[in-house]
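> coords please:
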Amino acid sequence: MKKFIGIVGYMGLVKLPRLESYWCKRKKIYSTSVVGKVMSRNRFELLLNLWHFSDNDMCPEGDRGYKIEPLMKSFVQKFQEVYTPMQEFCIDESLVPFRGRLIMKQYIPQKTHKYGIKLFKLCSGNGYTWNMKLYCGKHADAGVSVPTKVVMELSQNLLNSGRTVVTDNYYTSLELANKLLDKKNTFIGNPQGKS
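Residues are numbered from 1 along each chain as shown. The predicted structure follows:
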């Protein structure tokens with residue numbers, strides 16, 4: 001399994017047009033003999049098809065992120081173990097490029113990569129991702145706006161610490177400012193509306 005994860009990491013660093021290109025022996029341009037020596041393509045594809053982070057039988061109905069959630073939680077736990085955020089932190093969304101088939105895939109025309117998986121992220125002032133949440137589609141929640149809920153969930157472990165939360169106009173609201181003030185945090189946000 002370590003070899004498999006190593007190859008996946010290598011593929012993240014060395015980009016080739018197709019999966020098969022990592023095992024290609026004919027074209028010198030794709031010559032990455034390392035991958036072929038570590039594992040055969042058939043074995044890699046078999047492991048890739050069977051690779052799961054959760055039990056499909058235990059999937060709660062309507063939870064689109066269930067299968068990837070354990071991996072996301074593991075990453076976030078490691079992110080938080082090795083770093084403590086600065087006095088200021090920001091909350092924004094990020095799009096992980098993805099063009100395959102996925103029910104949660106988003107299309108955002110303003111982004112460089114227009115198709116992908118949307119993540120809400122809490123980042124320190126130096127750009128370090130300290131917390132993240134997968135966007136799985138709209139959920140109705142009475143009483144609290146979605147942007148306010150996202151900010152409060154992501155910053156939950158940093159509330160009552162006197163830190164400053166910075167957001168863009170999507171998240172900025174009087175509701176959020178009051179909630180953060182109640183939790184003894186400072187808030188900076190772009191005002192909504194036309195300038």
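> Show me where the protein has its strands.
Counting by DSSP state E, one finds strands in the chain at the ranges 88-97, 106-107, 115-124, 129-134, 164-167, 186-189.
> Which helix or strand in the protein has the lowest average pLDDT?
Among the helices and strands of the chain, helix 33-38 carries the lowest confidence by mean pLDDT, DSSP states H and E, at a mean of 81.
> picking that back up, among the strands of the chain, which is nearest Ser21?
Evaluated over these, closeness to Ser21 peaks at strand 88-97, with 18.0 Å, by CB to CB. Heads up, the C-betas are built off the backbone N, CA and C, glycines and all.
> And this structure, what are its domain boundaries?
As assigned by automatic domain parsing, the chain contains the domains 2-50, 69-189.
> how about these in TSV, adding distance to Asn56 and mean neighbour count?
Formatted as TSV, the entries for the domains of the chain read as follows, by distance: least, CB to CB, whole Å; neighbours: other CB atoms under 10 Å:
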stretch	distance to Asn56	mean neighbour count
domain 2-50	12	12
domain 69-189	13	15
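> Which of the ones you listed has the lowest mean pLDDT?
Mean pLDDT per stretch puts domain 2-50 lowest among these, at a mean of 82.
> okay, how far is it across that domain, tip to tip?
15 Å (CA to CA, to the nearest Å).
> Adding distance to Asp63, write the domains of the chain out as JSON lines.
Converted to JSON lines, the domains of the chain look like this (distance: least, CB to CB, whole Å):
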{"stretch": "domain 2-50", "distance to Asp63": "22"}
{"stretch": "domain 69-189", "distance to Asp63": "7"}
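> pull the longest helix from the protein.
For the chain, the longest helix by residue count, based on DSSP state H, is helix 69-82.
> From the rest of the structure, what touches that one?
Contacts made with helix 69-82 from outside it, assessed by CB atoms under 8 Å, 6 or more residues apart in numbering, are listed as Phe53, Ser54, Gly65, Tyr128, Thr129, Trp130, Asn131, Met132, Leu134, Asn157.
> quick one: which two of the residues you listed are the most distant?
Of all pairs drawn from those, the widest gap by CB to CB lies between Ser54 and Tyr128 and measures 27.2 Å.
> could you dump stretch 68-82 to CSV, C-alpha only?
What follows is the C-alpha trace of stretch 68-82 in CSV, where atoms were taken according to Å, rounded to 0.1, in the frame of the first residue of the first chain:
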residue,chain,number,x,y,z
ILE,A,68,-14.0,11.2,1.3
GLU,A,69,-14.7,12.6,4.8
PRO,A,70,-12.4,10.3,6.8
LEU,A,71,-9.5,11.3,4.5
MET,A,72,-10.3,15.0,4.8
LYS,A,73,-10.5,14.7,8.6
SER,A,74,-7.2,13.0,8.7
PHE,A,75,-5.6,15.8,6.7
VAL,A,76,-7.1,18.5,8.9
GLN,A,77,-6.0,16.8,12.0
LYS,A,78,-2.4,16.7,10.7
PHE,A,79,-2.7,20.4,9.5
GLN,A,80,-3.7,21.4,13.0
GLU,A,81,-1.1,19.3,14.9
VAL,A,82,1.9,20.9,13.1
